[in-house]
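**Q** Structure here, sequence nowhere to be found:
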């Protein structure tokens with residue numbers, strides 16, 4: 001469902017069901033990881049509906065034909081470390097030919113600003129479409145910083161995929177990067193004083209990897 005020009009709510013019943021399951025505080029790490037994998041697969045499927053295709057000639061058991069295919073090697077999933085890696089397996093199960101980039105950022109606990117410690121992207125980014133992945137769009141600081149770094153490589157397009165967000169995060173990202181479309185399964189109520197989404201699902205990285 002399109003909320004505005006560059007904000008899309010992925011409201012398929014299966015997406016919403018799995019999101020509800022990962023929100024539960026008693027969901028174990030192993031089940032949380034499994035559900036995030038399934039959820040990200042469904043979300044990437046929805047997000048890639050407008051991927052361009054080209055006709056190629058193939059041989060069926062009966063005859064030759066022209067049929068559409070996508071060029072997965074032109075697509076990049078850019079993971080914001082570390083929690084973004086929890087989305088990668090599900091994303092790559094849908095587009096296995098995609099390349100993968102990483103942006104290492106951590107949030108300063110006092111200022112909530114994003115601090116970069118790692119950046120690695122595939123070559124020839126000017127030929128590629130990028131989907132930046134991170135489970136949460138909270139303050140927006142990490143997403144804004146990651147997209148700014150990726151934009152310097154001049155990719156063909158950038159989209160941002162998160163499991164959930166909040167009005168503050170959407171506003172911040174749209175203000176900084178109005179050309180980047182946001183795809184999410186939920187727009188939650190608000191941010192807490194400590195920069196967590198409410199009602200949210202807690203710290204996605206900690207829940208994926210069983211850390212605190």
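**A** Noted; the coordinates are in hand. In this text, all values refer to a predicted model and were calculated from it rather than measured experimentally. Residues are numbered from 1 along each chain as shown.
**Q** Surely residue 76 is in contact with residue 100?
**A** Yes: judged on CB atoms under 8 Å, residue 76 makes contact with residue 100 at a distance of 7.0 Å. In this view, the C-beta of every residue, glycine as well, is placed from N, C-alpha and C.
**Q** More neighbours: which of those two?
**A** residue 76 (23 against 17; other CB atoms under 10 Å).
**Q** Please identify the helix or strand for that one.
**A** strand 75-81 (DSSP states H and E).
**Q** quick one: that strand to chain centroid distance?
**A** In terms of CA atoms, centre = their mean, to the nearest Å, the centre of strand 75-81 is found 8 Å from the chain centre.
**Q** That one: partners in the sheet, and parallel or antiparallel?
**A** strand 99-107 (parallel), strand 129-133 (parallel) (DSSP bridges).
**Q** Quick one: closest of those strands to residue 189.
**A** Between residue 189 and the strands paired with strand 75-81, the shortest gap by CB to CB is with strand 99-107, which sits at 20.5 Å.
**Q** how about residue 116, what does it touch?
**A** By CB atoms under 8 Å, 6 or more residues apart in numbering, the residues touching residue 116 are 103-105, 145, 149.
**Q** can you check residue 167 too?
**A** So residue 167 contacts 187, 190 (CB under 8 Å, 6+ apart).
**Q** Kindly provide the distance from it to residue 176.
**A** Distance, residue 167 to residue 176, by CB to CB, to the nearest Å: 15 Å.
**Q** Same question for residue 108.
**A** Counting by CB to CB - residue 108 and residue 176 are separated by 18 Å.
**Q** The chain: helices as residue ranges?
**A** Using DSSP state H, the helices found in the chain span residues 13-23, 29-47, 85-94, 141-151, 167-176, 204-209.
**Q** of all these, which lies closest to residue 197?
**A** Proximity to residue 197 (CB to CB) singles out helix 167-176 among the helices of the chain, at 7.5 Å.
**Q** Now do the closest one: distance to the chain's middle.
**A** 16 Å.
**Q** Buried residues of that helix, list them for me.
**A** By neighbour count, with 16 or more other CB atoms under 10 Å as the criterion, the buried positions of helix 167-176 are 168-170, 172-174.
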